[in-house]
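Q: Let me see the structure of the following:
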Amino acid sequence: MSYFNTTNEKGEELKRNHAKAITQDQRIFNIYNAERVPLTPYDIYIMMGDGTPITSIRRAINTLTAEDKLIKTNIKRKGMYGKLNYAWELRRNNGSAS
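A: Residues are numbered from 1 along each chain as shown. From the prediction side, this is the model:
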C-alpha cells in the first residue's frame, strides 16, 4: 500500500487518496526509468513541475524502494534548502527496466 492514512480518511476520500498515491508512484517510477541516472527527491520535484509536495515525492520514493524498484545510492546533492539529499536510482534487473 502506498498511501499512508495518517489522517484517518474514510470512504471515497480514502479511495481518492489511494489512487492519487499510486499515480504519483507510477509517475516517479517512470521518471527514474526514463532518465536512468541517480536522482534526488528535489530533482524529481523540479522534473515533475506541477507543485507535487516534496513530502509526497519522498513518500513515493520510499514506497518504490520498499517495492525493490529503486535503490538508495551514496550520492548526495543539495536540495531545496541547501541541505544535502541522497539520490536514488532504478534497480537493475527489476523486470520493469530494460
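Q: Report the mean per-residue pLDDT for the top strand by length along the chain.
A: Across the chain, the longest stretch assigned as strand under DSSP state E is strand 70-78. For strand 70-78, the mean pLDDT works out to 97.
Q: That one: partners in the sheet, and parallel or antiparallel?
A: strand 84-90 (antiparallel) (DSSP bridges).
Q: Show me which residues of the strand it pairs with are buried.
A: For strand 84-90, a neighbour-count test (16 or more other C-beta atoms under 10 Å) marks Asn85, Ala87, Trp88, Glu89, Leu90 as buried. C-betas here are computed from N, CA, C, even on glycine.
Q: Any idea what the fourth one is bridged to?
A: Pointing back at Glu89 there. Beta-bridge partners of Glu89, counted by DSSP bridges, are Ile71.
Q: now that we're looking at it, which residues does it contact?
A: Neighbouring residues of Glu89 by C-beta atoms under 8 Å, 6 or more residues apart in numbering: Tyr32, Arg36, Val37, Pro38, Leu39, Leu70, Ile71, Thr73.
Q: What's the per-residue pLDDT of the closest residue to the fifth one other than its chain neighbours here?
A: Spelled out, that is Leu39. Nearest non-adjacent residue to Leu39, counting by C-beta to C-beta, 6 or more residues apart in numbering: Ala87, 5.7 Å away. pLDDT for Ala87: 98.
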